[in-house]
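Asker: give me a 3D structure for the following:
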Amino acid sequence: MRENIPCQAACPAGTDIPGYLEAVYHGRFQEAYEINLRDNVFPAVLGRVCSRPCEAACRHGWVGNGDPVAICFSKRSAADFYHQRPTLLPRLLSDSGRRVAVVGSGVAGLSAARELWRCGHAVTVFEKHSSPGGMLNQGIPAFRLPRDLIEFEVGQVVGLGIELRCNVAIGTDVGLDYLAGDFDAVVMAAGTLRPNILDLPGRGLRGVEHGLDFLLQVNEFGRRDVGRRVLVIGGGYTAMDCARTALRLGATGVSVCYRRQRADMVVLPGELQEFLEEGGALRNECAPVELKEVAGKLAAVRFVRTRPGVPGRDGRRIPVPIAGSEFEIEADAVILATGQFPDCGWIAGSLAGQLVGADRWLSSGSSQQTAHPRIFAAGDFALGATTLIQAIGHAKECALHVHQFLSRGVRVRRVASVGSSFQSKTTSGRTTGRTAEMNVIPIHPMPTLPIDRRGLSDEVEVGYEEPQALMEASRCYLCHYKFEIVDAKCVLCDECLKVKPVPDCIVEIAALVRDDEGRVTGYQRVEEGRTDSLYYNRLWIDQSQCVRCGQCEAVCPVNAISIQKVSLETQLA
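Answerer: Numbers count the residues shown, from 1 in each chain. Have a look, this model is predicted:
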């Protein structure tokens with residue numbers, strides 16, 4: 001599966017990406033939206049703010065193939081052109097009589113809640129804020145993610161019959177120990193709300209704040225003031241959101257200062273360029289060493305230049321300060337976008353000793369299961385600060401762990417399902433619909449709002465027009481279709497070799513290479529010039545090269561080429 005459908009394998013939520021791209025290509029937007037809804041819970045949201053691990057894996061982006069398919073933008077198109085009423089997914093299993101509490105209504109909490117409800121359990125979500133959504137509302141600016149979309153897709157989860165209790169702070173209004181005793185299971189999905197404050201001289205000065213607090217004040221409580229000269233420290237998603245928000249609040253100079261190289265920044269594709277076009281500045285390879293004051297207020301930041309050192313655990317090279325390279329930048333506001341951690345302070349009493357480690361993180365690490373049999377952890381609360389799609393994927397897995405616990409050993413497995421073969425000329429007339437010409441269609445850039453029209457709540461990326469959406473989706477190789485040559489039928493007439501559009505999509509082989517379990521791992525090519533029947537005995541379609549155009553199947557005179565549809569499914573047994 002990982003080799004055959006790399007995009008779906010790379011998606012933490014296991015989204016059927018070729019399935020919905022095929023639906024978009026054929027204009028079936030409702031079907032495409034529902035595929036996404038089933039798999040990743042928030043299609044319109046993720047169509048705007050997903051980190052897109054699927055695109056890095058897309059075969060169209062491999063060397064020599066061009067740019068990856070704009071998978072994320074195509075997901076958005078499914079939502080944009082499906083003028084839907086709320087879509088409420090059905091239950092997979094009947095009422096179990098079990099009750100589950102979920103702490104937190106961000107994407108992880110709501111994803112876990114939905115999956116548990118579908119498995120037949122009654123779910124109550126507790127949220128300390130006045131409205132659900134977590135960082136969707138509190139952290140992501142409206143110019144990237146319109147609030148009506150959040151409300152709509154959160155409503156599709158809550159509307160299933162999930163009880164939502166806002167303005168209830170666990171640890172203050174209700175204890176975790178009470179939930180663990182009153183409910184059959186508890187899922188902690190409280191996100192990462194403990195800011196990482198750099199230990200710098202002057203960190204307590206007026207004008208210095210963490211990015212989480214800044215975004216919360218702007219997005220949730222209507223704050224509209226910021227300094228004139230703003231420095232944002234950091235190089236990730238939060239840094240970009242803070243910097244672009246500060247520009248919209250009227251700052252005349254906004255600089256993002258990052259201790260690593262530009263290539264090390266973890267931001268959405270195109271986002272940094274948008275920030276620069278909006279008037280921001282970027283300073284790489286500089287680390288803050290002191291926040292300087294005048295009359296008790298922030299006045300400047302002293303930096304030291306850095307250079308890449310040895311690789312760290314994540315493979316990135318650790319910045320090393322360059323002696324004697326210090327310099328200062330004047331500033332009256334500093335926003336620290338320097339990361340955040342899970343806040344376990346609300347876990348009290350004996351449960352704190354059981355669940356929380358000396359480092360103030362969950363002692364269970366990234367596992368969904370904790371030391372307490374009824375208490376589980378989902379999303380960033382277990383993983384640390386990640387991405388929306390990672391949190392959703394982890395939460396879905398958490399829900400399966402909870403379901404297994406509540407069902408006393410029910411088996412859950414992830415399997416690759418292969419559909420029945422079909423041959424277009426002799427049965428249903430079906431083909432993939434692809435042509436070789438689709439391989440060279442260039443990627444469609446996302447249209448954006450003009451710079452002078454970008455306000456605090458004006459969505460910058462305006463979406464594809466429908467013809468663009470159809471054409472972009474047509475670029476997908478449709479890797480979930482598997483073309484195979486049936487040896488018993490093949491007469492080695494070479495007709496398929498004459499029409500193949502890619503040099504190695506069909507190859508003449510002498511033998512297949514198999515692993516110890518009999519699985520095909522490769523092939524032995526025929527030596528040039530050798531055609532004796534004992535040596536050259538079959539043709540092979542290389543799935544990593546096949547572009548699913550169907551030309552080989554169309555010219556085969558003996559119907560020796562079959563097409564099967566492969567999908568990745570979760571099964572409850």
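
Asker: chain center to the top helix by length along the chain: distance?
Answerer: The single longest helix within the chain, with elements called by DSSP state H, is helix 388-406. Its chain's C-alpha centre and that of helix 388-406 lie 15 Å apart, by Cα atoms, centre = their mean, to the nearest Å.

Asker: tell me where the stretch 101-250 of the chain has helices.
Answerer: Assigned by DSSP state H, counting those that start in this stretch, the helices in the stretch 101-250 of the chain fall at 107-118, 135-138, 147-158, 176-182, 211-221, 237-248.

Asker: OK, contacts around the closest residue to residue 61 other than its chain neighbours?
Answerer: Computed as Cβ to Cβ, 6 or more residues apart in numbering, the closest residue to residue 61 that is not its neighbour in sequence is residue 68, at 3.4 Å. For the C-beta atoms, the positions are set from N, CA and C on the backbone; glycine is no exception. Applying Cβ atoms under 8 Å, 6 or more residues apart in numbering, we find residue 68 in contact with 55-56, 58, 60-61, 443.

Asker: state the pLDDT value of the nearest residue to residue 436 once chain neighbours are set aside.
Answerer: Spatially, and ignoring its direct neighbours in sequence, residue 436 is nearest to residue 501 (3.9 Å; Cβ to Cβ, 6+ apart). Note for residue 501: predicted pLDDT of 88.

Asker: over to the one 3 residues further on?
Answerer: Residue 504 carries a pLDDT value of 89.

Asker: isn't it right next to residue 543, touching?
Answerer: No. Taking contacts as Cβ atoms under 8 Å, residue 504 lies outside contact range of residue 543: 11.2 Å.

Asker: among these two, which residue is more densely surrounded?
Answerer: A side-by-side neighbour count of residue 504 and residue 543, using other Cβ atoms under 10 Å, places residue 543 first with 19 against 12.

Asker: now the more buried one: how far from residue 500?
Answerer: With distances taken as Cβ to Cβ, to the nearest Å, residue 543 is found 14 Å from residue 500.

Asker: same check on residue 382?
Answerer: Separation of residue 382 from residue 500 (Cβ to Cβ): 47 Å.

Asker: cool, residue 467 as well?
Answerer: Residue 467 is 30 Å from residue 500, by Cβ to Cβ.

Asker: between these two, tell me which one has more neighbours.
Answerer: A count of neighbours by other Cβ under 10 Å puts residue 500 above the other of residue 467 and residue 500, at 20 against 9.

Asker: quick check: that one touching residue 553?
Answerer: No. Counting by Cβ under 8 Å, residue 500 does not reach residue 553; the two are 11.3 Å apart.

Asker: returning to what we had before: out of the contacts of residue 68, which end up buried?
Answerer: For these, a burial check counting by 16 or more other Cβ atoms under 10 Å picks out 55, 58, 60-61.

Asker: closest to residue 319 out of the residues you listed?
Answerer: Residue 319 has its nearest neighbour among those in residue 55, at 27.6 Å by Cβ to Cβ.

Asker: now the closest one: closest residue in space, sequence neighbours ignored.
Answerer: Leaving out its chain neighbours, the residue that sits closest to residue 55 by Cβ to Cβ, 6+ apart is residue 68, at 4.3 Å.

Asker: could you do residue 135 as well?
Answerer: Nearest non-adjacent residue to residue 135 (Cβ to Cβ, 6+ apart): residue 106, at 5.6 Å.

Asker: as a check, name the ranges of all strands in the stretch 401-550 of the chain.
Answerer: 412-418, 481-485, 506-514, 520-525, 538-541 (DSSP state E, counting those that start in this stretch).

Asker: can you add mean neighbour count and distance to residue 222 and give those back as a markdown table?
Answerer: Output for the strands of the stretch 401-550 of the chain, formatted as a markdown table (neighbours: other Cβ atoms under 10 Å; distance: least, Cβ to Cβ, whole Å):
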| stretch | mean neighbour count | distance to residue 222 |
| --- | --- | --- |
| strand 412-418 | 12 | 44 |
| strand 481-485 | 19 | 51 |
| strand 506-514 | 16 | 62 |
| strand 520-525 | 13 | 59 |
| strand 538-541 | 19 | 59 |
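
Asker: residue 442 reaches residue 67, doesn't it?
Answerer: Yes. Shown here, residue 442 and residue 67 form a contact pair, counting by Cβ under 8 Å, at 7.2 Å.

Asker: more neighbours: those two, which one.
Answerer: Using other Cβ under 10 Å, the more surrounded residue of residue 442 and residue 67 is residue 67, with 14 against 10.

Asker: sorry, back to before: a markdown table for the strands of the stretch 401-550 of the chain, including distance to residue 14?
Answerer: A markdown table is the format used below for the strands of the stretch 401-550 of the chain (distance: least, Cβ to Cβ, whole Å):
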| stretch | distance to residue 14 |
| --- | --- |
| strand 412-418 | 7 |
| strand 481-485 | 18 |
| strand 506-514 | 27 |
| strand 520-525 | 24 |
| strand 538-541 | 25 |
